[in-house]
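K.L.:
I would like to see how this sequence folds:
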Amino acid sequence: MTTTSIIYKTGTEVVSVCTKCKLPLAHIIVAMEGLKIKKVRCNTCEKEHRFVSPHAKKRASAPKARVEENWNQLMESFSSKKKIPYTLSGLYREHDLIDHQTFGLGIVNQVLSKEKIRVVFKEGEKFLASSRHSL
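P.N.:
As a prediction, this is how the structure comes out:
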């Protein structure tokens, strides 16, 4: 029994899951790293993005009920804290309770840098700007 392996090169067509269209579609290979496809361009939307094999296993996400339960427990433990309205220019510390106009209440999980924080909201984690001064 013989197995055939396909050798890809830039400029050839391959099927990849488009990160914009969210479908397995025909793409043109635009970048390779050795024998590995690194970047492709969608023939449908023309967006360039990393190669995503249509055969790749999807990551398992936590069941919604468990995520909501964890969120409720987290909010209980921070319920006595004062809500801080979120602004781009605000300064935040870990465990601050912020009130975001779009995402609602959130807990600052981590200060990543002077201008970037990670916040846990009911629907998941978001990276937000902080300490930004308007020009």
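
K.L.:
Scan the helices and strands of the chain for the one with the lowest mean pLDDT.
P.N.:
Least confident helix or strand of the chain, by mean pLDDT, DSSP states H and E, is helix 64-78 with a mean of 79.

K.L.:
Packing partners of it?
P.N.:
strand 104-113 (3 or more C-beta pairs under 8 Å, 6 or more residues apart in numbering; DSSP states H and E). C-betas here are computed from N, CA, C, even on glycine.

K.L.:
Pull out the buried residues from stretch 109-125.
P.N.:
Residues 109, 111, 117-121 are the ones in stretch 109-125 that count as buried (16 or more other C-beta atoms under 10 Å).

K.L.:
all strands for this structure, in order.
P.N.:
13-17, 24-33, 36-42, 48-50, 83-85, 97-100, 104-113, 116-121, 124-129 (DSSP state E).

K.L.:
Kindly reformat those as TSV containing mean pLDDT and distance to residue 75.
P.N.:
Listed next are the strands of the chain as TSV, based on pLDDT from 0 to 100; distance: least, C-beta to C-beta, whole Å:
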stretch	mean pLDDT	distance to residue 75
strand 13-17	93	35
strand 24-33	94	39
strand 36-42	95	40
strand 48-50	94	35
strand 83-85	94	11
strand 97-100	94	9
strand 104-113	91	7
strand 116-121	91	10
strand 124-129	90	14
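
K.L.:
Which one of the ones you listed lies nearest to residue 66?
P.N.:
strand 124-129 (12.6 Å; C-beta to C-beta).

K.L.:
Which of the buried residues of stretch 109-125 sits closest to residue 39?
P.N.:
residue 118 (27.3 Å).

K.L.:
Would you mind confirming that that closest one is in contact with residue 109?
P.N.:
Yes. Taking C-beta atoms under 8 Å as the definition, residue 118 is a contact partner of residue 109 at 4.7 Å.
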